[in-house]
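In: Turn this into a structure:
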Amino acid sequence: MLLYIHGFNSSPQSDKAELTKAYLAQHFPDTKIDIPQLPSNPAAAIALLTERVEMAVANGEALRFIGSSLGGYMASYLAEKYGGKAVLVNPAVKPYELFNDYLGEQTNPYTGEVYQLLPEHQQQLYAFDTQVIFNPDRFFVLLQTGDEVLDYQQALNKYHCCKMLVEVGGNHSFVGYGDKLAEVCRFLCLP
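Out: This is a model prediction of the structure:
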């Protein structure tokens, strides 16, 4: 199973999710990809992802993750807790701090959902922080220095011991992501 985890205020219809799905359909048609729409509540999102992961484990499936931004933060937690391999694309490192700038009403541009981002959501995210990476061989981190949303240096410092691709320029969406999918799939050891 490959679990694609989208970022904050995103969805399975994001460009990276769609590119990943199309690439797998063409090159790895037998690989099951799961791209759930995550609830806006972080604890509910982790609960949904944990349920999917535990179901895959119970079925004897290999665990593979691709996480973008906040999805990278969640993928880190899941890969450290359950094993498998994870590709993190411009991952959030301390989203509970970043959310200070987003507290209050939010609208997901993909789903139209309007909700409140609350301080308790920051606390929920903090509970899933992997402050130290104990299994660096599980991670491949894609960073672009031009990320206008996240400080790429935080990810560079946290994942310094992991396989990493750092590109100068780009932006938070990771320009040229589709061109990296062959390397992503090699790292994930897709059958």
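In: Which helix in this structure has the most residues?
Out: helix 42-58 (DSSP state H).
In: could you dump the helix or strand just after that one to PDB, C-alpha only?
Out: Following helix 42-58 in sequence order, the next helix or strand is strand 64-68 (DSSP states H and E). C-alpha atoms of strand 64-68 as PDB (Å, rounded to 0.1, in the frame of the first residue of the first chain):
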ATOM      1  CA  ARG A  64       4.900   3.300   2.000                       C
ATOM      2  CA  PHE A  65       4.100   6.900   2.500                       C
ATOM      3  CA  ILE A  66       4.400  10.200   0.500                       C
ATOM      4  CA  GLY A  67       3.600  13.200   2.600                       C
ATOM      5  CA  SER A  68       3.600  16.800   1.500                       C
END
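In: all strands for the chain, in order.
Out: 2-5, 33-34, 64-68, 85-89, 104-107, 114-117, 139-144, 163-167 (DSSP state E).
In: Mean neighbour count added to those, as CSV?
Out: Every C-beta, even on glycine, is put in place using the N, C-alpha and C of the backbone. Listed next are the strands of the chain as CSV, based on neighbours: other Cβ atoms under 10 Å:
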stretch, mean neighbour count
strand 2-5, 25
strand 33-34, 16
strand 64-68, 28
strand 85-89, 28
strand 104-107, 11
strand 114-117, 14
strand 139-144, 24
strand 163-167, 15
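In: What residues are bridge-paired with the spatially most central residue of the chain?
Out: Nearest residue to the geometric centre of the chain (Cα atoms, centre = their mean): residue 67, 1.7 Å. For residue 67, the beta-bridge partners are residue 5, residue 88 (DSSP bridges).
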